[in-house]
Structure formats: structure tokens, C-alpha cells
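Undergrad: Quick one, structure for this:
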Amino acid sequence: MAGTFVPSLQLNDAFYREVVAPLVAPYPHAAALLGWGSDVLGYDTERSTDHGWGPRLQLFVDKDDVDTVRRQVDTGLPESFRGWPVWYGWDNAEVAHRVDVLPLGDWLVGQLGVDPRPDLDPLDWLAIPQQQLLGVVKGAVYADPAGELAAVRKALDWYPHDVWLWLLGAQWQRISQEEAFVGRTSEVGDELGSRLVAGRLARELMGLAFLLERQYQPYTKWFGTAFNQLASAAEPRPMLERAVAATDFATREGALAAAYEALARQHNQAALTPALDPTVRLFHDRPFRVLDAGRFARACVDAIADPALRELPLVGSVDQFVDSTDVLSAAGRARQLRAFYDRVGS
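TA: Okay, the predicted model is just below:
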């Protein structure tokens, strides 16, 4: 019988203190619950317990201590903790305990595709999915006597300023490329197409809100939940809800226009670039209202100090131009796109 549900971060705090810490006390280590899973983001509920959920954490130790600490853990863990099995499996994951023992650098490479210490260059940042960054900066740290985890989490807390500006520019560029299509599709009678474009633009505007608030966005399952928690979401959220629910073009366009202006004002309030007119206007001589979001993209690029990054085409980060879970959830695969930026900028 399963135990009483408490959030995993809380359960594993007790699991570390009461069970794991006494087993490995003689060996220098850090302990945390980081990486994959809804529980790391703090979104787990009782529903989560049916799949890959339970006592688990990472122990980061010196390379020379890995084998010894693993033996201590393998032989010392109980069968259960507070009613939850310590040894469990799911899908294709075999039954095993979920206390991972490894050097911090090895874990970081597995999580990010690269060890970020001491520094990442701008193109390295672009090839790391935001969900993988969340797996480092969210979760919980249960022990960190040397401060190594704290230092890594602080360094990865948000993008360097120029990278942030470039990502904002790329996000505004994505919006500019499709903002007129909601009207054009509707004009030719393609109501489904108009709705789909509106949905795409709503998602792009949500992504813009994450960037403006300096928050990494999670993967699709929790994207809307995390968006709703942003302070910057309060104004545009009802507008975006109206846009995606609209059954006629006029309502759809009006809701999107209001959302464009709301996010444009937030951009100006962030003072990252000179303020721009946040009001919508007609798309050339066509009767479609747009923000002309390319203006904001160009302003972001103009504010970048790094000449190489300023000259890089606004193709977007891996999150912005890749839509494959099999890439975005596997840092090693995403890391291969690092070479793409070297080529696209040449």
C-alpha cells in the first residue's frame, strides 16, 4: 500500500536526512533532487505517483568515491520509506533504487550536454533546451557543503544579457513572420487555418512573456501552468484565451491585437531597448491589424554588444526552432546543434 502523498521535494528531503545521509556520512558529498520530472518543477500531484515517482535523489561525490558510495547505497537502502517503495520501475525502466551516485560534472554533461563550468559561450547557451536548464535551477538541494551546486545554479539562473537580447529578438521575429496570416487565412475562407495561426501566435506571445520575466519555460505539459504563474501573464492571459476560443475573425484579431500591445508595453517597461510605439497598425495596405513586431526584433539586436552575436541571424535557440520532444528532452542530441550556429553565422 502506498504512503500518504506529499510533494516529492518534501518527501525526498526527509528521505535524504533520515535514510541516505547516515549511509554516506563519512564521504564528502552534495545531495539534491534535480533533473527530469514534474516533481522537480514542483508540479507533482497524487496523480504523479502512478508513474516514475517515489524516493529518489542525486548524490554528487568525488570520482574516487563513486564505487564505494554506490556500494553503501546499494546495500543499505530499505525496501520502503514512509509507505513508498524505494525500489521501483515503470514502463521500460527496470525495478531499482533511484539514488544516483556520480560526480557533479558527469551529471551536468548528461543534463545539459556540456559541463557549464567555468563558463558557457553564447552559442552554447542557444543549444541547451530551457527544460534542461530548469532541471538544474529548480528542484531542491539537500546538502552542498562545498557550495558547488549553489555556484552552478547561480551561474545558470538566467541567460547572459546579450544572449537574452538575442533570444528576445528571435521571439519577436517569430511573431512578426506570422502576425498577418490570421487575417489572410480568414480572408480566403480558411477558418481552421486562421485558428491554427492564432494558436501559434498565442504560444509565441506566451514564450515572449517568459523571456520578459526572466523565467525559463518548461516543456508542453507544464507550459500553460507555468505561464499562468508569471506576473506578466495577468494582462495578456484573458486576451489570449479569447483569441484561441474565438469563432470569428474579428474577435480573434481584436484579442490578438490587445495581447500584442500588452506585451509590447511590457517590453518597453523592461527598458532593454529604447521604447517603441506599442500600438497596432495595418499590415502595409492590407486590412489586417498587426504590431509590426519586427521593429522590436531589430531594437533587440541593435542593443547587443557582442558583435558576433549581433551578426548571427535570428534563427532562434533550440527551443525556438526545434519542436521535437526527442531532441528537447535529450541534451546530448540538442548539443549537436551547437555546430549549426557556427555554420549559420558564417
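Undergrad: just the helices in the stretch 151-300 of the chain please.
TA: Assigned by DSSP state H, counting those that start in this stretch, the helices in the stretch 151-300 of the chain fall at 161-178, 181-187, 191-212, 220-228, 236-245, 249-270, 294-302.
Undergrad: deepest of the ones you listed, which one?
TA: Burial of the helices of the stretch 151-300 of the chain is given as mean neighbour count (mean count of other C-beta atoms under 10 Å); helix 161-178 ranks first at a mean of 22. Using the backbone N, CA and C atoms, a C-beta is placed for each residue, glycine as well.
Undergrad: returning to what we had before: what would the helices of the stretch 151-300 of the chain look like in JSON lines with distance to Arg153 and mean pLDDT?
TA: Formatted as JSON lines, the helices of the stretch 151-300 of the chain follow (distance: least, C-beta to C-beta, whole Å; pLDDT from 0 to 100):
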{"stretch": "helix 161-178", "distance to Arg153": "18", "mean pLDDT": "98"}
{"stretch": "helix 181-187", "distance to Arg153": "40", "mean pLDDT": "96"}
{"stretch": "helix 191-212", "distance to Arg153": "18", "mean pLDDT": "97"}
{"stretch": "helix 220-228", "distance to Arg153": "18", "mean pLDDT": "96"}
{"stretch": "helix 236-245", "distance to Arg153": "29", "mean pLDDT": "97"}
{"stretch": "helix 249-270", "distance to Arg153": "24", "mean pLDDT": "97"}
{"stretch": "helix 294-302", "distance to Arg153": "27", "mean pLDDT": "98"}
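Undergrad: any chance of these in a markdown table, plus distance to Asp39?
TA: Listed next are the helices of the stretch 151-300 of the chain as a markdown table, based on distance: least, C-beta to C-beta, whole Å:
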| stretch | distance to Asp39 |
| --- | --- |
| helix 161-178 | 27 |
| helix 181-187 | 38 |
| helix 191-212 | 21 |
| helix 220-228 | 11 |
| helix 236-245 | 26 |
| helix 249-270 | 31 |
| helix 294-302 | 35 |
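Undergrad: looking at these, which is closest to Ala31?
TA: Evaluated over these, closeness to Ala31 peaks at helix 220-228, with 24.6 Å, by C-beta to C-beta.
Undergrad: Go through the helices of the stretch 151-300 of the chain and name the closest to Gly316.
TA: Using C-beta to C-beta, the nearest of the helices of the stretch 151-300 of the chain to Gly316 is helix 161-178, at 4.2 Å.
Undergrad: Next, the angle from that closest one to helix 191-212.
TA: Orientation note: helix 161-178 sits at an angle of 170 degrees relative to helix 191-212 (axes from the mean of the first three to the mean of the last three C-alpha atoms, to 10 degrees).
Undergrad: So which other helices or strands are in contact with helix 161-178?
TA: In terms of contacts (3 or more C-beta pairs under 8 Å, 6 or more residues apart in numbering; DSSP states H and E), helix 161-178 is packed against helix 122-126, helix 191-212, helix 294-302, helix 307-311, helix 318-321.
Undergrad: swap the cut-off to 6 Å and go again
TA: Using 3 or more C-beta pairs under 6 Å, 6 or more residues apart in numbering; DSSP states H and E as the contact test, the elements touching helix 161-178 are helix 191-212, helix 294-302.
Undergrad: just how off-centre is the first one within its chain?
TA: Relative to the centre of its chain, helix 191-212 is centred 17 Å away, using C-alpha atoms, centre = their mean, to the nearest Å.
Undergrad: how deep is Thr180 tucked in, by neighbour count?
TA: Actually, residue 180 is Ala. It isn't Thr. Other residues lying near Ala180 total 18 when counted by other C-beta atoms under 10 Å.
Undergrad: Would you mind measuring from Pro145 to Ala14?
TA: Between Pro145 and Ala14 the computed distance is 19 Å (C-beta to C-beta, to the nearest Å).
Undergrad: Which of those two has more residues huddled nearby?
TA: Between Pro145 and Ala14, counted using other C-beta under 10 Å, the more crowded position is Ala14 (14 against 9).
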